[in-house]
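*Asks:* here's a sequence, model it:
(2 chains)
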2 protein chains.
Amino acid sequence: MAPELSRAARREFLDAALALAAQTSALIRRTLARGPRVKTKPDGSYVTDADLAAEKLLRAGLSRRFPSHGICGEELPPVRPAASYQWLLDPIDGTLSFTRGIPLFGTIVGLWRRETPLVGVIDLPGLGQTCAAAAGLGCFLDGTRLRLGAARRFSDELIAVCYRDQFERCGKAAAFDRLMKCGAQVRTYGDCFGHVLAARGAVGAMIDFDINPWDLAATQILIEEAGGKYVVLGRRGAKSDIVFGKPAVVDRLVRLLR
Amino acid sequence: MAPELSRAARREFLDAALALAAQTSALIRRTLARGPRVKTKPDGSYVTDADLAAEKLLRAGLSRRFPSHGICGEELPPVRPAASYQWLLDPIDGTLSFTRGIPLFGTIVGLWRRETPLVGVIDLPGLGQTCAAAAGLGCFLDGTRLRLGAARRFSDELIAVCYRDQFERCGKAAAFDRLMKCGAQVRTYGDCFGHVLAARGAVGAMIDFDINPWDLAATQILIEEAGGKYVVLGRRGAKSDIVFGKPAVVDRLVRLLR
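*Replies:* Below is the predicted model of the structure:
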């Protein structure tokens, strides 16, 4: 965390992120109800009218409140990329789930100062859940403080893992196949839905491979403020492989994956 | 379907199942809010106070309205097992998810006359969704008629598959590992959550292995009334392996699994 940043300042950043996430959540639920308009991006992934509208809403709100801060989001070009405070945004993480009406997608908002995460919010409009944390202020699910408990016996832990194509993209499909047989109960709960499950301790840990900066914008601060461990296993350009959750489970998975 | 059973009679059975599912849904949400009491069963699976309370509620309601019908549920002994109408009940399918607060569990209620499914209801209390069908009356999600669309290109389809331990239990772990590489986007959306995704067409099809009669109590009628295909791939004693969803996707998965 940033020692010279006051508690009031951290609280203000968090409250701003939460207020904007409440607005995107309502927007995304309205779009889901009428059916989103879907386009395919050059990389083969999907984007919808809700992705763009939600990112514009977040950018407008953040620029108004924090005009000196930078913003980097999935769908639009960065603004003020040299600013020391940077907001990272993924308006809809799990767009494929969103387009199919599977309620396991969400909005990610994170504030960083250089390499240090200050605020993280993951809002899950399909489930009506919001997970939020700020440095030194704790991690909360809908206002209830989250504190990760002790690890269970490994065979009793649920493990969330991203989708196999994410491992394939970085030539690590064999690691995915090995994970599936690791002795814990492994489920492909991808995207920010899995990140929230790990912050809650509903799964012992999550493994997410080959993800973009905005996909992990909120996760380190959520996990660490809940008393968990966050490990970057690898980086390739802007892409990262991360493992996070209860410290003992994370350690075991890191050994398995290395 | 049963030609000699009137539309009014089928509607009455469906309405009774829906009314009882609304009651169990409220009961299960209350238990979830205060935290369920969990016990381990002799087979290593979990049971909670909500499983037992919900099954008792269903049994009492069905016995009062249909005193000549049999009832077979997961948690309590069968009643009137020789009756020609049989209600199959799973008060909480996905108990492990329920105990961890993962909202992808549900209540299954199905009415069968010998080998013919007449009514099926899957209620998902954690998502506030109810999927219901009766023979000749269609399949509905929260009152909206479901009709499965055409299959997508196979690589664009999501496929739901149960957990790897279900394949392991019947010596078919290799089939699970093969599925994970089948070229479609495979996700472990287990239990009745996956069954509803298939009835909605949110996934192209689902594969569920080594499941009990009450786990599949509602699925055949839901899928067939939505215009889908339901295939029993194997049976061992009371356990079944099933594949269901959009007909073209089911056919392709059946070829892959055989």
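
*Asks:* tell me how far the ends of stretch A:115-130 are from each other?
*Replies:* 24 Å (CA to CA, to the nearest Å).

*Asks:* what is the mean pLDDT for that stretch?
*Replies:* pLDDT averaged over stretch A:115-130 equals 97, rounded to a whole number.

*Asks:* shaky segments in chain A?
*Replies:* Counting by pLDDT under 70, chain A shows low-confidence ranges at A:1-3.

*Asks:* which parts of chain A are strands?
*Replies:* Secondary structure of chain A (DSSP state E): strands located at A:38-40, A:46-48, A:70-73, A:85-93, A:106-113, A:116-124, A:129-134, A:138-141, A:144-145, A:158-161, A:185-187, A:205-211, A:229-236, A:239-245.

*Asks:* buried sites along the third one?
*Replies:* Residues of strand A:70-73 classed as buried by neighbour count (16 or more other CB atoms under 10 Å in any protein chain shown): A:Gly70, A:Ile71, A:Cys72, A:Gly73. For the C-beta atoms, the positions are set from N, CA and C on the backbone; glycine is no exception.

*Asks:* what does that strand contact?
*Replies:* Surrounding strand A:70-73, the residues in contact under the criterion CB atoms under 8 Å, 6 or more residues apart in numbering or on different chains are A:55, A:58-59, A:62-63, A:78-83, A:85-91, A:213-214.

*Asks:* now the top helix by length along chain A: how far from the chain's centre is it?
*Replies:* The longest helix of chain A (DSSP state H) is helix A:7-34. The chain centroid and the centroid of helix A:7-34 are separated by 14 Å, computed with CA atoms, centre = their mean, to the nearest Å.

*Asks:* stretch A:27-42 too?
*Replies:* Mean-position distance between stretch A:27-42 and its chain equals 20 Å (CA atoms, centre = their mean).

*Asks:* what's the end-to-end length of that stretch?
*Replies:* Taking CA to CA, stretch A:27-42 runs 25 Å from one end to the other.

*Asks:* got a list of contacts for that stretch?
*Replies:* If you take CB under 8 Å, 6+ apart as the criterion, stretch A:27-42 is touched by A:46-50, A:53-54, A:57, A:92, A:98-99, A:101, A:107, A:125-126.

*Asks:* which of the residues you listed are close to chain B?
*Replies:* Restricting these to those adjacent to chain B (criterion: CB under 8 Å from any CB of the partner chain) gives A:Gly101, A:Gly126.

*Asks:* now list the buried members of the contacts of stretch A:27-42.
*Replies:* Burial by neighbour count, judged by 16+ other CB under 10 Å, picks out A:46-48, A:50, A:53-54, A:57, A:92, A:98-99, A:101, A:107, A:125-126 from the contacts of stretch A:27-42.

*Asks:* could those residues go into TSV alongside distance to B:Lys181?
*Replies:* Output for the buried ones among the contacts of stretch A:27-42, formatted as TSV (distance: CB to CB, whole Å):
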residue	distance to B:Lys181
A:Tyr46	22
A:Val47	27
A:Thr48	29
A:Ala50	32
A:Ala53	37
A:Ala54	34
A:Leu57	39
A:Ile92	28
A:Phe98	25
A:Thr99	24
A:Gly101	26
A:Thr107	32
A:Pro125	32
A:Gly126	29
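
*Asks:* which one of those is nearest chain B?
*Replies:* Each of the buried ones among the contacts of stretch A:27-42 was scored against chain B by CB to the nearest CB, and A:Gly101 proved nearest at 5.1 Å.

*Asks:* number of nearby residues for A:Ser240?
*Replies:* A:Ser240 has 18 neighbouring residues, counting by other CB atoms under 10 Å in any protein chain shown.

*Asks:* you'd agree it is up against A:Gln220?
*Replies:* No: with contact taken as CB atoms under 8 Å, A:Ser240 and A:Gln220 are classed as non-touching, separated by 10.5 Å.

*Asks:* residues near A:Arg113, how many?
*Replies:* Each residue near A:Arg113 was counted by other CB under 10 Å, and the total is 16.

*Asks:* hang on, I meant A:Leu137
*Replies:* Neighbours of A:Leu137 (other CB under 10 Å): 17.

*Asks:* the closest residue to it other than its chain neighbours and chain B, how far apart?
*Replies:* Across the structure, with CB to CB, 6 or more residues apart in numbering or on different chains as the measure, the residue nearest A:Leu137 apart from its sequence neighbours is A:Arg10 (6.0 Å). In this structure, A:Arg10 and chain B are separated by 28 Å, where distance is defined by CB to the nearest CB, to the nearest Å.

*Asks:* hang on, A:Arg10 packs against A:Gly138?
*Replies:* No: A:Arg10 is not in contact with A:Gly138 according to CB under 8 Å; the separation is 11.0 Å.

*Asks:* show me which of these two is the more surrounded one.
*Replies:* Remark: of A:Arg10 and A:Gly138, A:Arg10 carries more neighbours, 19 against 14, as counted by other CB under 10 Å.

*Asks:* tell me the buried residues in stretch A:18-38?
*Replies:* Residues of stretch A:18-38 classed as buried by neighbour count (16+ other CB under 10 Å): A:Leu18, A:Leu20, A:Ala21, A:Thr24, A:Ser25, A:Leu27, A:Ile28, A:Thr31, A:Leu32, A:Pro36, A:Val38.

*Asks:* returning to what we had before: please pick the buried ones from the contacts of strand A:70-73.
*Replies:* Buried residues within those, counting neighbours by 16+ other CB under 10 Å: A:55, A:58-59, A:62, A:79-80, A:83, A:85-91, A:213-214.
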